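Asker: sequence first, predicted model second:
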Amino acid sequence: MTNRLASGDKLVVASHNPGKAWEIHQLIAPYGLEAISAATLGLPEPEETERTFAGNARLKAVAAAKASGLPALADDSGLQVEILNGAPGIYSARWAGPSKDFSIAMQKVADEISMRGGWDAAGPRANFISVLCLAWPDGSNETYEGKVFGNLVWPPRGGNGFGYDPMFQAEGATETFGEMEPDEKYAISHRTRAFAAFKAACLAGIQTGPAKPSRAMEIEALNAAAANLSTQAELSRFIANLAADVAADATAAKEGTCVAPALQRVREWLGDTDCSEEMRWRLLAKALLAATGRLKNA
Ligand code: ITT
């Protein structure tokens, strides 16, 4: 029989991907569980040696549950492109290389599709898949799967989400996952669908509470976004979200009146300039000039 979780239980979110961990925290938030991230516990990132999503999800969840002595929830997920016979699949994270740069991974997917002549008018068929695994310290575990189908677009669009989101358009949608607001993506995503199966098995009967994120979670979201940036559009979006957060933060009202307009100036400059080839230190210097209203020849 499936072990169930109860309100107030501690649950380790066994992911080292900040964007993914943030989404899992959001899904868990209404259930009164105390979610602890793998990073907070200093858990090592296990090598993903299995050949299936379920195998890798299990490997990550069991390792975290055994190391922490707590139940642990892991996700193994990826993008599967029909014309690439399901690639990048379980290697989705690895296509981004050691710097985890998803502009590289998305370009690689686009190039592989081009080599097969797969960019037809509708866009190549693809799906995201997520397998969640809940494991207990004794090694027992269960897995739950969710998928979302759609098409790929090129070039990528939008600065929200993470990973391959800017090139994936779900069936019936006109925006990519990178263009959607988080709630719109959560309504249909592979991870939400896997979570629904997990919820039915392990969270049934838990009273849900208000899902309003705590201040700590909001700050964690900004940090997750910063750690995931791969494109200029994502940076621009990040700055807008940061400016909105500073402006709305009642505890920093005074700071907000000077910092938010500076952030807005940086965003406007980014919107007008192609920075993709700029050396990073110069880029930082130019951003500071833009923030202080001193940038010439923008
Ligand atoms: P953990 O194993 O620590 O959780 P990871 O990034 O290595 O982090 P995976 O091995 O499961 O995770 O790799 C899945 C990759 O697939 C992930 O890095 C993303 O690039 C991509 N991916 C998964 N879900 C996605 C989503 O909702 N939107 C965009 N890309 C996604």
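Answerer: Great, that's in hand.

Asker: how about the residue in the stretch 51-200 of the chain positioned nearest to the ligand, what does it touch?
Answerer: Across the stretch 51-200 of the chain, the shortest distance to the ligand (C-beta to the nearest ligand atom) belongs to residue 163, at 2.4 Å. Every residue, glycine included, has its C-beta placed from N, CA and C. By C-beta atoms under 8 Å, 6 or more residues apart in numbering, the contact list for residue 163 reads 17, 19-20, 79, 92-93, 96, 102, 105, 228.

Asker: tell me, which of those residues make contact with the ligand?
Answerer: Among those, the residues lying close to the ligand (C-beta under 6 Å from any ligand atom) are 17, 20, 79, 92-93, 102.

Asker: the contacts of residue 163: which two are farthest apart?
Answerer: 79 and 228 (15.4 Å; C-beta to C-beta).

Asker: looking at those two, which one has more neighbours?
Answerer: Neighbour count, other C-beta atoms under 10 Å: between residue 79 and residue 228, residue 79 has more, with 26 against 20.

Asker: all the helices of the protein, residue numbers only.
Answerer: Using DSSP state H, the helices found in the chain span residues 18-28, 38-41, 53-68, 102-115, 182-188, 190-198, 215-228, 232-248, 253-272, 280-291.

Asker: columns distance to residue 155 and mean pLDDT on top of these, output as TSV?
Answerer: TSV is the format used below for the helices of the chain (distance: least, C-beta to C-beta, whole Å; pLDDT from 0 to 100):
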stretch	distance to residue 155	mean pLDDT
helix 18-28	20	89
helix 38-41	32	87
helix 53-68	28	98
helix 102-115	8	97
helix 182-188	19	93
helix 190-198	23	96
helix 215-228	19	78
helix 232-248	10	85
helix 253-272	16	83
helix 280-291	21	85
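
Asker: and the chain, which residues reach the ligand?
Answerer: Counting by C-beta under 6 Å from any ligand atom, the chain sits next to the ligand at 15-17, 20, 45, 48, 60, 75-79, 92-93, 102, 128, 161-165, 177, 189, 191.

Asker: list the contacts for residue 226?
Answerer: The contact partners of residue 226, by C-beta under 8 Å, 6+ apart, come to residue 238.

Asker: could you report the pLDDT at residue 210?
Answerer: Here the pLDDT value assigned to residue 210 is 65.

Asker: give the burial count for residue 206, as a bare number.
Answerer: 18.

Asker: re the thing from before, dump the helices of the chain to CSV, plus distance to residue 204.
Answerer: Below are these laid out as CSV (distance: least, C-beta to C-beta, whole Å):
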stretch, distance to residue 204
helix 18-28, 15
helix 38-41, 26
helix 53-68, 20
helix 102-115, 35
helix 182-188, 20
helix 190-198, 10
helix 215-228, 24
helix 232-248, 34
helix 253-272, 42
helix 280-291, 49
